[in-house]
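Peer 1: here is my input; please provide its structure:
(one chain, ligands or ions: 1)
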Amino acid sequence: MAQRQITNVTLLGAGVLGGQIAWQSAFKGKNVVIYDLYEKGLEQCRQDQQRYADIYRSDLGATDDMIAATRGRLSFTTNLAGAAAGADLVIEAVPEIPEVKTAVYRELAGHLAEHTLVATNSSTLLPSQFAEATGRPGKYCALHFANYIWDQNIAEIMAHPGTEEPTLVAVTRFAIEIGMVPIPLRKEQNGYVLNSLLVPLLNATIGLLANGVSTPETIDRTYLLMNRGCRMGPCGIIDMIGMTTAYNVSSYWGNEKQDEQLLQGARYIKENFLDKGKLGAQTGEGFYTYPNPGFSAADFLDVPDLSRAEELARLALPG
Ligand SMILES: NC(=O)c1ccc[n+]([C@@H]2O[C@H](COP(=O)([O-])OP(=O)(O)OC[C@H]3O[C@@H](n4cnc5c(N)ncnc54)[C@H](O)[C@@H]3O)[C@@H](O)[C@H]2O)c1
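Peer 2: Predicted structure coming up:
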């Protein structure tokens, strides 16, 4: 059966990714409702979108009329029933905690129109884990976006065994309509293509830090010298992802795999960042402070002045 055009989109979760997907979709002409359990989540999202407006003006050449039209297509609510009504597609971007996602899907199921499609933006979990909870497994799949959606414009599309083909066609069309390059996966994979490559890098980074082997600047400098032209190194990437999601991923997979290194990494993030309110680039501080993080300094990759030799040698002293 042919799927209808996706015009009305609802985002569940107004955080780092939910806010970006919502903004990009509205910018490309979709009507978007952003739902969050908390008013403070919506408030943070409104602030973030001021930043996105500035970026779309400076980087994408968006005019004031385009920004005003984008804003006009966005609405915010803490009412799930209202958010679900009329949606052609609901994209779930709530925390990377299976119990939270399952509970949201179960509650959502009672409020959806028959034709509504549902997709998860989960970074590392599988749609088959939640298909039954949605109450509409055939109309459910993963549609995974990357941070900095306006620039890193991929949409990973991953079915579970019960996803129907028209669902995949409709979400692929939607991805293209909002300016994404579709990345189809032929089978379920925790982390898709992107995070299958990225998460091991970030886990290794957190391991180097939690074990006291190196510093964020040194790790990022190493990475950027080996990958000249990249915008940021792994600690910059973790700041961009946000400490909450970095913690949730390390904690969940640490427990799931009984992996002490991952659990140590989760504790490191909690003690050094979450407990201190340093949530990453979105809130102004993580490994670096924003808007001018150290790794963006013009001399970050330069051979240091000889006068710094002793200072640098001290960083190599054991203990
Ligand atoms: N941050 C990234 O770079 C990134 C990239 C791709 C995918 N993702 C995925 O997107 C999802 C969201 O991640 P994020 O980084 O945006 O998280 P986040 O912590 O920035 O935001 C989560 C939002 O969900 C809200 N929330 C919490 N419980 C809720 C509930 N029961 N119902 C509705 N809203 C609720 C919170 O108030 C918050 O606003 C996760 O599955 C994550 O793996 C994140």
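Peer 1: got the contact list for Leu126?
Peer 2: 142, 160, 188, 190 (Cβ atoms under 8 Å, 6 or more residues apart in numbering). C-beta coordinates here come from the backbone N, C-alpha and C atoms, glycine included.
Peer 1: if we go to 6 Å?
Peer 2: Glu188 (Cβ atoms under 6 Å, 6 or more residues apart in numbering).
Peer 1: any idea of the pLDDT on it?
Peer 2: Note for Leu126: predicted pLDDT of 97.
Peer 1: cool, and the one 3 residues further on?
Peer 2: Gln129 is assigned a pLDDT of 98 by the prediction.
Peer 1: point me to the helix or strand that includes the closest residue to the ligand within the stretch 101-250 of the chain.
Peer 2: In the stretch 101-250 of the chain, the residue that lies nearest the ligand is Ser123 (3.2 Å; Cβ to the nearest ligand atom). Taking DSSP states H and E as the definition, Ser123 sits outside all helices and strands.
Peer 1: check contacts around it.
Peer 2: 96, 195.
Peer 1: secondary structure class for Gly29?
Peer 2: coil (DSSP: H, G, I helix; E, B strand; the rest coil).
Peer 1: quick one: the nearest residue to it once chain neighbours are set aside from Ser25, how far?
Peer 2: Nearest non-adjacent residue to Gly29, counting by Cβ to Cβ, 6 or more residues apart in numbering: Arg73, 7.3 Å away. For Arg73, the distance to Ser25 (Cβ to Cβ, to the nearest Å) stands at 8 Å.
Peer 1: cool, and Glu156?
Peer 2: Per Cβ to Cβ, Glu156 is found 16 Å from Ser25.
Peer 1: state the pLDDT value of Arg308.
Peer 2: 96.
Peer 1: count the residues that sit near it.
Peer 2: 9 (other Cβ atoms under 10 Å).
Peer 1: what does it show for phi and psi?
Peer 2: Note on Arg308: its backbone torsions stand at phi -90, psi 0 [degrees, to the nearest 10].
Peer 1: swap in Leu12?
Peer 2: According to degrees, to the nearest 10, Leu12 has phi -100, psi 120.
Peer 1: OK, contacts around it?
Peer 2: So Leu12 contacts 35, 92, 94, 104 (Cβ under 6 Å, 6+ apart).
Peer 1: who wins for most neighbours among these?
Peer 2: Tyr35 (29 neighbours).
Peer 1: how about it, nearest residue that isn't a chain neighbour?
Peer 2: Take Tyr35 and drop its neighbours on the chain: the residue closest to it by Cβ to Cβ, 6+ apart is Ala83, 3.7 Å away.
Peer 1: how about Ile157?
Peer 2: For Ile157, ignoring the flanking residues on the chain, the nearest one in space by Cβ to Cβ, 6+ apart is Pro184 at 5.0 Å.
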